[in-house]
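Enquirer: turn this into a structure:
(2 chains)
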Number of protein chains: 2
Amino acid sequence: MKFLKTLFSALFLVSSLQAQNKDSIMVRRIYDEALASGHTYKNLEYLCKKIGPRLSGSVNAQKSVEWTKKLMEEYGFDRVYLQELMVPVWERGVKETAWIIEGRTKIPVPIAALGGSIASPVSGITAQIIEVQNFDQLKALGEQLVKGKIVFFNRPFDPRHFDTFKAYGAAVDQRSNGAVEAAKLGAVGVIVRSMSTVIDDFPHTGGMRYQDGVTKIPAAAISTKAAELLSRELKLRKLPAIQFYFKQNCRTLPDAVSYNVIGEIRGSEDPEAIITVGGHLDSWDLAEGAHDDGAGVMQSVEVLRIFRSLNIRPKHTIRAVMFMNEENGLRGGLKYAEIAKQNNEKHIAALESDEGGFTPRGFTIENVAGLAHISKWIPLFKPYKAADIEGGGSGADIGPLRIFPNTVLMAFNPDSQRYFDIHHSSNDVFENVNKRELELGAAAMTSMVYLIDQYGAR
Amino acid sequence: MKFLKTLFSALFLVSSLQAQNKDSIMVRRIYDEALASGHTYKNLEYLCKKIGPRLSGSVNAQKSVEWTKKLMEEYGFDRVYLQELMVPVWERGVKETAWIIEGRTKIPVPIAALGGSIASPVSGITAQIIEVQNFDQLKALGEQLVKGKIVFFNRPFDPRHFDTFKAYGAAVDQRSNGAVEAAKLGAVGVIVRSMSTVIDDFPHTGGMRYQDGVTKIPAAAISTKAAELLSRELKLRKLPAIQFYFKQNCRTLPDAVSYNVIGEIRGSEDPEAIITVGGHLDSWDLAEGAHDDGAGVMQSVEVLRIFRSLNIRPKHTIRAVMFMNEENGLRGGLKYAEIAKQNNEKHIAALESDEGGFTPRGFTIENVAGLAHISKWIPLFKPYKAADIEGGGSGADIGPLRIFPNTVLMAFNPDSQRYFDIHHSSNDVFENVNKRELELGAAAMTSMVYLIDQYGAR
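Expert: Residues are numbered from 1 along each chain as shown, chains lettered A, B, ... in the order given. Prediction:
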């Protein structure tokens, strides 16, 4: 009996080693294809340079829907289609103007309206400006000190966070909720230090929200360099000496029709079981959305292209999904899950790439059973240094798939160090994407999808 | 007995866990200091922008010696001193000129003389040009076809190598030995495709050598984009139709005096035992040597500064060494080992940072006993994703310390993907260094030196 046990163990070990060897050869082929014959970089160049910024509801967003659909049709995927949905429409209008006013001196400073903000009055707002680091400080000042003023939220990223997403997470409440909290105390406007890891002249926009019953006031991001300047001036001079002026004419229009774009390779054994890989097609309006999230969508298309190019016939259906409206509404992600539910679809796993096209580190997995299963493949990712497979969040667009408790949701994790230098600013352009880093991401994602298709996700 | 064994094991485990906990707190403090109060970035900015290119024997190289000495003196390290040595002196002279000549058409192309090359004749060289991929192809052509011609070495980097240093290693013989191999068959000049991961307009220089008894012929690197163009033209037209012209007036001058720059914090328990951390101060002349290797030297200074700032009194002597002349002679590394030998110094370990200031991946260790010992600290580096501790090479400058078989030699390994985009080209400038990536390298290096000081290197 003991002999048999040992024999079985040995046989199991041999077959498992053979599988790993076969898999490591396939992973190597996937990387070779992505690095030596990849399309990700040239496709991203097209999306960034021929189309450009793609805010939901914009002409460019529609162009990007049409172009990615056409691209996937040309690749000959089994099925390419659109999912119709309604998206919010917000427009920046003409470039914003802002000054720090000290007596007769006006110092121009770079700002950008936050996405979703209302306009200022046509002639702009001029008011005394007061600096706070957080909502507690704001509340401590109270209505008497805040009323009629512009509130300047100036809490920087904490550089001690290794993962810059943690620094972002610890600062972003100022941008998201600053206008509501300031308006509750009677403020007339909000200026928020840009969510950024660097000190420079470029404001970073991003989503903000209003709250029913609270007056809407205009909100804008100020560049980190100008935030430092403003803060210094406020410390140097007596408070009433400093005023701030800003003008923006952004506006919200009625919701418009837009689409998720989906490409599929049908499964050869169990086509009803689906593996989703995706990113979001919309971007903020200040730049080309190269890292956020042109990289993710072009990598997702590349996953399917590599399957085709290497003649890999997946057992399950592999879907590349270009979600619409991640930045200011998440309507695409919600629609995708809603339709999946309606159609009673079976989703094995979903993988999102929405942390930039940087050098791969690994994957985070929401589901405990998924993490245990997928961790077995760490040795396959080790040679490519994409082997940090850890518990953690997945992605905003695939989040609504949590309605399916057995679906394993995961994120592709590139290195986070450079992301918030450029995120939501005019520097998120194609030139700031490195070809090899982008391609390695596509290779890691393809390998992960391949392994899930072979062995399941949990 | 078994009980005692278990007890001892348990006690050992507890004390080992306590040590790891104490160490993880210290590593956290080191990272906090480097990320929130670091000097690496501003020091590198000074070296790049106020001094600039620092080829051995140049005025700037001397300035960089004086400035780094002064910097370390101002930090109040226990001892700051110079090691005198002789370095080769090579000058590029005026900017090179080159054309592809097709009949009456001259297409200008960007080239850069290779370091150490002789000049062309004053009026330049015009000759038929023939393309080869490697020395075998060259030899197969033979003297009859090669004589009187310019040889164009055009084997690109193989993009399938994950580690770009492997791609570099597999291509660099063309640059190092191309002139010798071509001259043996009577060629009059050599044009080498730039050692680069990208296709662009910037030639990458680098070292080359001549051989006694073989005629010296001028050698230059051509940009990858121009190499592709030249190769296309050669394929399109009959061979005799294409000629190439290039002109360069570089020259080698007599050896000059230069220096390694050394800063020390003396050990409190065993000051005669030394841990070296370093990089090279010299750089190629085309740019600022920001990644190669301004990053490494400024990180090495930062290691000692962080020790001081955190009031860590090392047991052993910690030395930051700015080696001179890595790029075209290695005289600094050789001198450092020579003096160590003369003085019968005891070297515990040496760590070099000369792979750029990119996001950390880990360390490679030459010594097997060192690798086994240091691998125990992987958990301490995991939170900072600098935990790839593997066997492998160390660094050119510390290589001569191999005369001490017990010294553990190791390299700091940043991510390699972007290094050869800019290496030895005019793009190796401060603007291409990311602050956080650079600082994380300094933190990883400081942590490693701290742990070696605490627990030895093997």
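
Enquirer: which bits of the stretch 51-200 of chain A sit near chain B?
Expert: A:158-160, A:162, A:164, A:197-198 (C-beta under 8 Å from any C-beta of the partner chain). Glycine gets a C-beta too; all of them are placed from N, C-alpha and C.

Enquirer: nearest residue to the middle of chain A?
Expert: Centroid check for chain A by C-alpha atoms, centre = their mean gives residue A:354 as the closest residue, at 4.0 Å.

Enquirer: so that residue sits against residue A:399, correct?
Expert: No: counting by C-beta atoms under 8 Å, residue A:354 stays clear of residue A:399, with 10.8 Å between them.

Enquirer: leaving out chain neighbours, which residue sits closest to residue A:227?
Expert: Of all residues not flanking residue A:227 in the chain, residue A:193 sits nearest, at 4.1 Å (C-beta to C-beta, 6 or more residues apart in numbering or on different chains).

Enquirer: actually, residue A:69.
Expert: Using C-beta to C-beta, 6+ apart, the nearest residue to residue A:69 is residue A:261, at 5.2 Å.

Enquirer: returning to that earlier point: let's see if you can find the most crowded of the residues of the stretch 51-200 of chain A next to chain B.
Expert: Using other C-beta atoms under 10 Å in any protein chain shown as the neighbour criterion, residue A:197 leads these with 24 neighbours.

Enquirer: contacts only, for the residue nearest to residue A:227.
Expert: A:152-156, A:174, A:221-222, A:224, A:227 (C-beta atoms under 8 Å, 6 or more residues apart in numbering or on different chains).

Enquirer: how far away is residue A:172 from residue A:157?
Expert: Using C-beta to C-beta, to the nearest Å, residue A:172 is found at 10 Å from residue A:157.

Enquirer: common neighbours of these two, please.
Expert: Counting by C-beta under 8 Å, 6+ apart, the common neighbours of residue A:172 and residue A:157 are residue A:195.

Enquirer: neighbour count winner among the two?
Expert: Just comparing residue A:172 and residue A:157: by other C-beta under 10 Å the higher neighbour count belongs to residue A:157, 21 against 17.

Enquirer: so residue A:403 sits against residue A:341, correct?
Expert: Yes: with contacts counted by C-beta under 8 Å, residue A:403 reaches residue A:341, the gap being 6.0 Å.

Enquirer: tell me which residues in the longest strand anywhere in chain A are buried?
Expert: If you go by DSSP state E, chain A has its longest strand at strand A:251-265. Neighbour counts over strand A:251-265 (16 or more other C-beta atoms under 10 Å in any protein chain shown) mark A:252, A:258-265 as buried.

Enquirer: just stretch A:166-179 next, same as before
Expert: For stretch A:166-179, by 16+ other C-beta under 10 Å, it's A:167-168, A:171-172, A:174-179.

Enquirer: what sits against the residue lying closest to residue A:87 once chain neighbours are set aside?
Expert: Of all residues not flanking residue A:87 in the chain, residue A:56 sits nearest, at 4.0 Å (C-beta to C-beta, 6+ apart). Counting by C-beta under 8 Å, 6+ apart, residue A:56 makes contact with A:87-90, A:256, A:258, A:282, A:324-325, A:327-329, A:331.

Enquirer: state the distance from residue A:56 to residue B:248.
Expert: As defined by C-beta to C-beta, residue A:56 lies at a distance of 55 Å from residue B:248.

Enquirer: ok so, going back, the residue nearest to residue A:227 bridge partners, please.
Expert: residue A:222 (DSSP bridges).

Enquirer: residues near residue A:331, how many?
Expert: Neighbour number of residue A:331 under other C-beta under 10 Å is 22.

Enquirer: isn't it right next to residue A:86, touching?
Expert: Yes: between residue A:331 and residue A:86 there is a contact under C-beta under 8 Å: 6.6 Å.

Enquirer: now the common contact residues for the two.
Expert: Counting by C-beta under 8 Å, 6+ apart, the residues touching both residue A:331 and residue A:86 are residue A:258.

Enquirer: picking up where we left off before, just checking, which of the buried residues of stretch A:166-179 belong to helices?
Expert: Among the buried residues of stretch A:166-179, DSSP state H puts A:167-168, A:174-179 in helices.

Enquirer: show the contacting residues for the closest residue to residue A:387 other than its chain neighbours.
Expert: Nearest residue to residue A:387 in three dimensions, chain neighbours excluded: residue A:381, at 4.0 Å (C-beta to C-beta, 6+ apart). By C-beta under 8 Å, 6+ apart, the contact set of residue A:381 is A:27, A:362, A:387, A:389, A:444, A:447.

Enquirer: same question, residue A:23
Expert: For residue A:23, the contacting residues are A:377, A:380, A:451, A:454, by C-beta under 8 Å, 6+ apart.

Enquirer: now residue A:303
Expert: Neighbouring residues of residue A:303 by C-beta under 8 Å, 6+ apart: A:277, A:318, A:320, A:442, A:445-446, A:449.

Enquirer: now do the strands in the stretch 251-400 of chain A.
Expert: Counting by DSSP state E, counting those that start in this stretch, the stretch 251-400 of chain A has these strands, from start to end: A:251-265, A:270-280, A:316-323, A:346-352, A:360-365, A:388-391.

Enquirer: just send those strands back as JSON lines, with mean pLDDT too.
Expert: Output for the strands of the stretch 251-400 of chain A, formatted as JSON lines (pLDDT from 0 to 100):
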{"stretch": "strand A:251-265", "mean pLDDT": "98"}
{"stretch": "strand A:270-280", "mean pLDDT": "98"}
{"stretch": "strand A:316-323", "mean pLDDT": "98"}
{"stretch": "strand A:346-352", "mean pLDDT": "98"}
{"stretch": "strand A:360-365", "mean pLDDT": "98"}
{"stretch": "strand A:388-391", "mean pLDDT": "98"}
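
Enquirer: now those strands as a markdown table including distance to residue A:47?
Expert: Shown next, in a markdown table, are the strands of the stretch 251-400 of chain A (distance: least, C-beta to C-beta, whole Å):
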| stretch | distance to residue A:47 |
| --- | --- |
| strand A:251-265 | 12 |
| strand A:270-280 | 11 |
| strand A:316-323 | 10 |
| strand A:346-352 | 17 |
| strand A:360-365 | 20 |
| strand A:388-391 | 28 |
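
Enquirer: tell me the contacts of residue A:36?
Expert: B:158-160.

Enquirer: would you agree it falls within a strand?
Expert: No: counting by DSSP: H, G, I helix; E, B strand; the rest coil, residue A:36 falls outside a strand, being helix.

Enquirer: where exactly do the helices run in chain A?
Expert: All helices of chain A, identified by DSSP H, fall at A:2-37, A:40-45, A:59-74, A:135-146, A:164-169, A:173-184, A:224-236, A:295-309, A:331-342, A:368-374, A:378-381, A:419-422, A:435-455.

Enquirer: strand partners (parallel or antiparallel) of the longest strand of chain A?
Expert: Here strand A:251-265 is paired, per DSSP bridges, with strand A:79-91 (antiparallel), strand A:316-323 (antiparallel).

Enquirer: wait, which of those strands is closest to residue B:299?
Expert: Between residue B:299 and those, the tightest spacing by C-beta to C-beta is seen for strand A:316-323, at 40.5 Å.

Enquirer: and for the closest one, what's in contact with it?
Expert: Counting by C-beta under 8 Å, 6+ apart, A:64-65, A:68, A:72, A:77, A:260-267, A:269-282, A:297, A:300-301, A:303-304, A:307, A:332-333, A:336, A:348, A:397, A:449, A:453 sit against strand A:316-323.

Enquirer: and it, C-alpha only, in PDB?
Expert: Provided in PDB are the C-alpha atoms of strand A:316-323 (Å, rounded to 0.1, in the frame of the first residue of the first chain):
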ATOM      1  CA  HIS A 316     -13.300  28.100 -23.400                       C
ATOM      2  CA  THR A 317     -14.500  31.300 -25.000                       C
ATOM      3  CA  ILE A 318     -11.900  34.100 -24.600                       C
ATOM      4  CA  ARG A 319     -13.300  37.600 -24.700                       C
ATOM      5  CA  ALA A 320     -11.400  40.900 -25.100                       C
ATOM      6  CA  VAL A 321     -13.600  43.700 -23.700                       C
ATOM      7  CA  MET A 322     -13.000  47.300 -24.300                       C
ATOM      8  CA  PHE A 323     -15.200  48.800 -21.500                       C
END
